[in-house]
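Peer 1: okay, sequence plus prediction incoming.
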Amino acid sequence: MAITDIPEYAHLSEADVEALGAELDAIRADIEASRGERDARYLRNTIRFQRGLELAGRALLFGSTKKSAWWAGAGALGVAKIVENMELGHNVMHGQWDWMNDPEVHSSTWEWDNTDPSAHWKHTHNYIHHKYTNVLGMDDDVGYGLLRVTRDQRWRPFNYGNLVYNTILALAFQYGVAVQHLELGKKRRTTEEKEQHKRDVADVLTKIGKQVAKDYLAYPALVSATTGHKVGYVNAYRKAATATALGNVIRNVWSNAVIFCGHFPDGAEKFTKQDIDSETQAEWYLRQMLGSANFESGFVLAFMSGNLSYQIEHHIFPDLPSNRYAEIAVRVRALCDKYDLPYTSGPFPVQYAKTWRTIAKLSLPDKYLKATADDAPETASERRFKQGLPEGTRLQATVDERTGTRRGLRSAIAGLRDRRRGGRAEVTELRASRDAEAAA
C-alpha cells in the first residue's frame, strides 16, 4: 500500500539516485561555503523583531480591559509566539545557526517559548521524524498516534473522531507536542525504562508549569496589580489572562496548519520500513523529496511559517539556514525537472484543505472509500503504475533519444491523471448517447 521500493517508485535506477544525491550534495556545499554576515544579520534582525513584538504585546495587556487593546495585545503576542517557535526555536534547534558559534543561538542552549522541553523536541523531531520521515511504524508524526492519515493504518471505530481529534490538537498543539515524546501508550518493561519515563514526565510537567506561571500567573498578576485599582483587580487579571490564552491559541492553530501542510496534502507519500535501515544518503534525499510538500509563499508568509513553506527543501537540508531555502528551492525544482520528479506544492489554503479532506475521509472504514489503496490521493505505491506489466517488471525512466527528455515518475502520474479524465469523459459520453437513444 505505501511505497516499499523508493527508487522504483521514482522510476530511477540506482545510478540515477546516486547522481541526484551528488547534485544535492553540491547544493549543500555551495550554501555552506556562502554562509556569512548577511545570514547572521537576518537572524539578529529576526530576534530583535520578535522580542520587540512580544514586548509590545505584553505592554498592550496593561490596557486589555479595553476591547481594542485586548485584541491588539492578543494578536501581537500570538504573532510573536509564532515567530519565536517557527523561525527561531524550530530552526535554531535544528542547528541551522550553530556555524556562528554564538551560544545564544546554538542548538545546544536554546529553550523555546513552548510547553515541550527543547531536549525532547530535538529527539522526537530532529532525530526520529527527520531520519524516518513518513515511514510507517517509525515516524510518530504520521498521525501523531491519534489521527488516521493513510490506509496503511488499520481503521478502528476510534477513527470516527478524526475531525474532532484534529480540532483539539490544533487548538492545544503545544501540549500535544509536549506529550509526544512521552509515548504514553508504550509499555515499559525494564526498571531503567520506567525510571527514564518518570524523568521525562517530570521534565514535561516542569516546563508546562513554567509556561503556565509566566503566561497565566506572573504577567496577568502584574497587569492586575498595576491597573486593577482603576478597572477592578479581578477584571484586569482576567482580561490579561484571556488575551494571553488567545495568543497561545493563535500560535497553536497556525503551527498545526503549517506542519500539516508540509506532510499530509496529496503527493506527500508514505513509506514502509523495507530497506530504510540500509538506504544511502542519496536514497534518504529522495525519500524526503517524495514525502514532503510545499505551499506557495511570498516573503511574509514564508517568514511566518518559519520558511516551512519550503518543507521539501527543509527536509533535504534541515540544518541549513532557513533564509536560504527560497534560493535552494530554485535549484531543487530544476533537479525535479531534470529527473522528472514531482515537486509537490500549491496555494496554502488548498494544501491545508487537502489535509482536512484526508483526515475526514480516513475517519471512515475502507469500504466507503472509492480509490484503491495503492492509488488514493493520500496513499500511493509502486503498484499504481504496474497494471498490465509482466510480473517482476521494475519501473524505469525512459529517455527520448532525440530530445534527451526523461520520462519518469512525474510523467507517469500525469499519464494516470489523463487516463482517468479520458475514462470519465468516455463514460459521460456513453451515458449521454444512451439518454439520447432512450429519448428518441
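Peer 2: Received the coordinates, thanks.
Peer 1: do you know how far the residue nearest to residue 296 when sequence neighbours are not counted is from residue 202?
Peer 2: With sequence-adjacent residues excluded and distances taken as C-beta to C-beta, 6 or more residues apart in numbering, residue 296 is closest to residue 347, at 5.4 Å. All C-beta spots, glycine's among them, are computed from the backbone N, C-alpha and C. For residue 347, the distance to residue 202 equals 44 Å [C-beta to C-beta, to the nearest Å].
Peer 1: again with residue 145
Peer 2: In terms of C-beta to C-beta, residue 145 sits 21 Å off from residue 202.
Peer 1: so for these two, which residue has more residues nearby?
Peer 2: Under the neighbour definition other C-beta atoms under 10 Å, residue 145 and residue 202 were set side by side, and residue 145 has more, 14 against 10.
Peer 1: does the nearest residue to that one once chain neighbours are set aside belong to a helix, a strand or coil?
Peer 2: Excluding its sequence neighbours, the residue lying closest to residue 145 (C-beta to C-beta, 6+ apart) is residue 185, at 6.7 Å. When classified by DSSP: H, G, I helix; E, B strand; the rest coil, residue 185 comes out as coil.
Peer 1: give me the number of residues near residue 185?
Peer 2: 6.
Peer 1: past the helix or strand harbouring residue 353, which element shows up next along the chain?
Peer 2: According to DSSP states H and E, residue 353 maps onto helix 348-361. Moving toward the C-terminus from helix 348-361, the next helix or strand (DSSP H and E) is strand 375-376.
Peer 1: per-residue confidence averaged over that following strand?
Peer 2: When pLDDT is averaged over strand 375-376, the result is 87.
Peer 1: now do it: distance to the chain's middle.
Peer 2: Centroid separation for strand 375-376 versus its chain: 21 Å, with C-alpha atoms, centre = their mean, to the nearest Å.
Peer 1: ok, that strand: who's next to it in the sheet?
Peer 2: strand 379-380 (antiparallel) (DSSP bridges).
Peer 1: how distant is the partner strand from the center of its chain?
Peer 2: The gap between where strand 379-380 is centred and where its chain is centred comes out at 18 Å by C-alpha atoms, centre = their mean.
Peer 1: got it, and stretch 143-154?
Peer 2: Chain-centre distance of stretch 143-154: 15 Å, with C-alpha atoms, centre = their mean.
Peer 1: what's the answer for stretch 125-136, then?
Peer 2: On C-alpha atoms, centre = their mean, the centre of stretch 125-136 falls 11 Å from the chain's centre.
Peer 1: tell me which residues are up against the helix holding residue 353.
Peer 2: Defining contact as C-beta atoms under 8 Å, 6 or more residues apart in numbering, one finds that helix 348-361 is touched by 147-149, 162-163, 166, 257, 260-261, 264-266, 293, 295-297, 301, 309, 345-346, 369, 377-378.
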